[in-house]
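# have a look at this prediction, sequence included:
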Amino acid sequence: MGRAFVYVILGGGVAAGYAALEFVNRGLSNAQLCIISQEPVAPYERPALSKGFLLPEAPARLPSFHTCVGANQERLTPKWYKQHGNSFITYSYFLLILSSFSNIYFISFHSGIELILGTAVKSADVKRKTLLTATGETISYKILIVATGARALKLEEFGVTGSDAENVCYLRDIADANRLVDAIQSSPGGNAVVIGGGYIGMECAASLVINKINVTMVFPETHCMARLLTPKIATYYEEYYKSKGVDFIKGTVLQSLDFDSNGKVTAVNLRDGRKISVDMVVVGIGIRPNTGLFEGQLTLEKGGIKVNGKLQSSNSSVYAIGDVAAFPVKVFGEIRRLEHVDAARKSARHAVAAIMDGDKTGEFDYLPFFYSRVFTLSWQFYGDNVGEVVYFGDMPSGETFGAYWVSKGHLVGAFLEGGTKEEYEAIAKTTRLRPEIEDLGELERHGLGFAVTV
Ligand code: FDA
Ligand code: NAD
């Protein structure tokens, strides 16, 4: 059994939703598009899962955060997919059961964008341009967009067993988020250990505190958010978290878990010898891009599928977008893979523009943008965190402060906590311009004013 489409998006996350909207805005017709996702729901804004979804009062629930509300665009509900990319006829490749003919092309009446949900793709053949689903269906395409995102790393990959216990939570998709909510509700006033000091760790720790759960964070580095923040900026956030009751245990990792007779985790044992009693554990120890279907078929780099400035892979019929794509970041002059929602949205739009408009579409020229919002804090970062750091603002008292990164005589990155919309726009614009910086002292004196007046 099989079906054929002109365009197939493999994966139904953030990038898939934004790609679908771009197809429709560019006049997709004739039910040419299919999205296949192993998740049971239409594409949604994944960032909501560690923020609004975990709130004790009026938590965010679908359909409120389907893509593309995160970029203040249309909300694409399942009905939207039925009603768009509309048309009259599509080619479908069927095994025609009622007749003795098989494998013939016939014309079926079908409309909208085909959403195949709750269905994993088990294998891909880029030479034959086919995907095989777990239900045994073969989907053929002319153009494939790979938007498979990433999976959360498991504790087992670091030699710790038992992470399938009901009170050990990861956070990547809706199923994980529901499980985390259940664990929170089963542990009122209880103790949680958060393993990992990255994005998931910091955002989940804040949500647990808001749910009145006592939190201890454990991570191997000397400060939180080590991939992005300097020790000085990280100290500000750690102090803020401490003021909310969060304990930090740094420079060590989880060694093992203790269980009760029902298989629930009762304590975590750290490599430094400490034991902490727990009601629940949240794990955020990084991700791996879902490239497995294409290993040996497409060129991989930096852990992702290597694409050019049109998001096209080493096979010209296959594009890759979002977390799984390693693309040329022009402002850095190198290939990078970015694990953030803005890159997913914009790479999706650019790939669709390149597919539908061909050579009229230029090279993807992306300025990396990361952000987070926890408690009443809110920061944005643009560019690259390399070179010398110049701080500005009044960090101990909080409110508004930030930093610039200067490399090889140019401003290449900017971070700002507590800015206004205009100030964030200013640091984004300035970072993109990469202004020459002759005197770091002068940059420090001007502080945020430098970006605002550039
Ligand atoms: P995404 O993971 O969104 O989607 C991939 C899809 O492919 C999933 O639906 C998956 O099931 C499907 N899939 C994979 N393999 C498949 C197969 N074989 N067959 C079928 N389907 C398959 N970023 C940011 O900038 N700010 C933020 O605040 C946050 N917050 C945040 C919170 C949480 C909890 C997470 C997990 C992540 C964030 N992020 C973020 C990161 C951001 O969400 C992430 O960069 C994007 O979701 C990436 O979009 P993609 O579409 O590439 O992957
Ligand atoms: P991460 O890469 O941000 O952080 C991983 C953390 O794991 C590290 O900081 C480290 O402290 C910790 N770690 C590594 N090995 C460990 C070990 N053996 N024991 C204990 N800790 C260990 O990854 P994440 O926090 O898991 O986030 C997953 C993905 O979700 C990332 O792609 C991230 O970009 C995305 N995300 C982004 C945001 C945002 O942009 N605001 C929010 C949530 C999630």
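Okay, I see it. Ligands and ions are numbered 1, 2, ... in the order given.

# contacts and neighbour counts: CA atoms only from here.
OK.

# which bits of the stretch 351-454 of the chain sit near ligand 2?
Within the stretch 351-454 of the chain, the positions near ligand 2 by Cα under 6 Å from any ligand atom are Phe370, Tyr371, Ser372.

# buried only: go through those residues for me.
For these, a neighbour count by 16 or more other Cα atoms under 10 Å gives the buried set as Phe370, Tyr371.

# for the residues of the stretch 351-454 of the chain next to ligand 2, give me CSV that also has secondary structure and distance to Glu74.
Below are those laid out as CSV (DSSP: H, G, I helix; E, B strand; the rest coil; distance: Cα to Cα, whole Å):
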residue, secondary structure, distance to Glu74
Phe370, strand, 22
Tyr371, strand, 22
Ser372, strand, 23
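
# contacts with ligand 1 among the residues of the stretch 351-454 of the chain next to ligand 2, please.
For ligand 1, the contacts drawn from these by Cα under 6 Å from any ligand atom are Phe370, Tyr371, Ser372.

# near the spatially closest residue to the second one that is not a sequence neighbour, how many other residues are there?
Leaving aside its chain neighbours, Tyr371 sits nearest to Gln380 (4.4 Å; criterion: Cα to Cα, 6 or more residues apart in numbering). A total of 20 residues lie near Gln380 under the criterion other Cα atoms under 10 Å.

# from Glu417, how far off is the closest residue to Asp247 other than its chain neighbours?
Closest residue to Asp247 apart from its sequence neighbours, by Cα to Cα, 6+ apart: Thr216 at 4.6 Å. Remark: distance between Thr216 and Glu417 (Cα to Cα, to the nearest Å) = 24 Å.

# quick one: which of those two has more around it?
Of the pair Thr216 and Glu417, Glu417 is the one with more neighbours under other Cα under 10 Å, namely 23 against 20.

# state the distance from the more buried one to Leu257.
According to Cα to Cα, Glu417 stands 37 Å off from Leu257.

# quick check: residues of the stretch 351-454 of the chain near ligand 1?
Going by Cα under 6 Å from any ligand atom, the residues of the stretch 351-454 of the chain near ligand 1 are Phe370, Tyr371, Ser372.

# try it again at 8 Å.
When proximity is defined as Cα under 8 Å from any ligand atom, the stretch 351-454 of the chain approaches ligand 1 at Phe369, Phe370, Tyr371, Ser372, Arg373.

# does the closest residue to the first one other than its chain neighbours count as helix, strand or coil?
The reference is to Phe369. Excluding the flanking residues, the one nearest Phe369 by Cα to Cα, 6+ apart is Tyr382, at 4.6 Å. What DSSP: H, G, I helix; E, B strand; the rest coil gives for Tyr382 is strand.

# I'd say Tyr382 and Ile427 touch.
Yes - using Cα atoms under 8 Å, Tyr382 is in contact with Ile427, at 7.4 Å.

# more crowded one of the two?
Per other Cα under 10 Å, whichever of Tyr382 and Ile427 has more neighbours is Ile427, with 27 against 23.

# and the helix or strand encompassing the more buried one, which residues are buried?
Under the criterion of DSSP states H and E, Ile427 resides in helix 421-433. Residues Glu423, Tyr424, Ala426, Ile427, Ala428, Lys429, Thr430, Thr431, Arg432 are the ones in helix 421-433 that count as buried (16+ other Cα under 10 Å).

# same deal with stretch 236-256?
Within stretch 236-256, the residues scored as buried using 16+ other Cα under 10 Å are 237-238, 240-241, 246-250, 252-256.

# with stretch 168-185 instead?
Neighbour-count burial for stretch 168-185 [16+ other Cα under 10 Å]: 168-174, 177-181, 183-184.

# looking at those residues, which is nearest Gly333?
The nearest member of the buried residues of stretch 168-185 to Gly333, counting by Cα to Cα, is Arg172 at 30.5 Å.

# return the residues in contact with that closest one.
Applying Cα atoms under 8 Å, 6 or more residues apart in numbering to Arg172 gives the contacts Arg46, Arg151, Ala152.

# okay, the residue nearest to the last one when sequence neighbours are not counted: pLDDT?
The spatial neighbour of Ala152 that comes closest, neighbours along the chain excluded (Cα to Cα, 6+ apart), is Ile287 at 4.4 Å. If you check Ile287, the pLDDT there is 98.

# go ahead and confirm Ile287 touches Leu153.
Yes - with contact defined as Cα under 8 Å, Ile287 reaches Leu153; the gap is 5.1 Å.

# any idea how far Ser261 lies from Asp125?
46 Å.

# between these two, who's got more neighbours?
Neighbour count, other Cα under 10 Å: between Ser261 and Asp125, Asp125 has more, with 13 against 6.

# can you pull out the strands in the stretch 101-250 of the chain?
Using DSSP state E, counting those that start in this stretch, the strands assigned to the stretch 101-250 of the chain run over residues 104-109, 114-116, 121-125, 130-133, 138-146, 150-152, 168-169, 191-195, 214-219, 247-250.

# in a markdown table, list the ones you listed along with distance to ligand 2.
A markdown table is the format used below for the strands of the stretch 101-250 of the chain (distance: least, Cα to the nearest ligand atom, whole Å):
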| stretch | distance to ligand 2 |
| --- | --- |
| strand 104-109 | 40 |
| strand 114-116 | 25 |
| strand 121-125 | 22 |
| strand 130-133 | 26 |
| strand 138-146 | 17 |
| strand 150-152 | 7 |
| strand 168-169 | 12 |
| strand 191-195 | 5 |
| strand 214-219 | 4 |
| strand 247-250 | 9 |
